[in-house]
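1. Make a model of this:
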Amino acid sequence: MNLLTRRHLATLRGTLLDRMHVLQDEVRAGGHAIRNGIDGQEARDFKDDADRHAHDAVGAMEVQRDIDELREVQAALYRLETGGYGHCIDCGDAIAYERLRVQPAAERCTECQMAFEGRPVEASG
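-> Got it, this is the predicted structure:
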């Protein structure tokens, strides 16, 4: 059985908190860069304008990705505090510690995540 020990939980909590702080900083910096990019650059011609708009769009997508991941990390920290962490939200089985070490915000076991993504689940055994 793959039970999470207090030490595992403490390690995973630290990893989640570290990631949360990094993401918060990135979201702040990204938002600032987007605002400065819009206000601080003057287009010299249509190509410059198109390049700036493409750069701004990529920056906005990166910020949104960071916001989405930040929400996942915060949800994982909430589950950790309320006792639901480490259990699949679909089947209720324990999520393998090895999976949580790689993806500490995981809310599904590997099998359920694959099904959620529409990927074929390999038969076990």
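
2. Helix, strand or coil: sort out the nearest residue to A76 once chain neighbours are set aside for me.
-> Leaving aside its chain neighbours, A76 sits nearest to A105 (4.1 Å; criterion: Cβ to Cβ, 6 or more residues apart in numbering). From N, CA and C alone the C-beta is placed, and that goes for glycine too. Three-state assignment for A105 (DSSP: H, G, I helix; E, B strand; the rest coil): coil.

3. Based on its surroundings, how many neighbours for A105?
-> By other Cβ atoms under 10 Å, the residues close to A105 number 21.

4. Could you verify my assumption that L3 touches I95?
-> No - L3 is not in contact with I95 according to Cβ atoms under 8 Å; the separation is 11.1 Å.

5. So for those two, which sits in the more crowded spot?
-> Using other Cβ under 10 Å as the criterion, L3 and I95 rank with I95 on top: 23 against 8.

6. pLDDT value on the more buried one, please?
-> pLDDT, I95: 97.

7. Name the secondary structure element that contains the residue most central in space within the chain.
-> Closest to where the C-alpha atoms of the chain average out (Cα atoms, centre = their mean) is E69, at 2.5 Å. Element membership for E69, per DSSP states H and E: helix 46-82.

8. and that helix, how far out from the chain's middle?
-> Helix 46-82 sits 10 Å away from the centroid of its parent chain (Cα atoms, centre = their mean, to the nearest Å).
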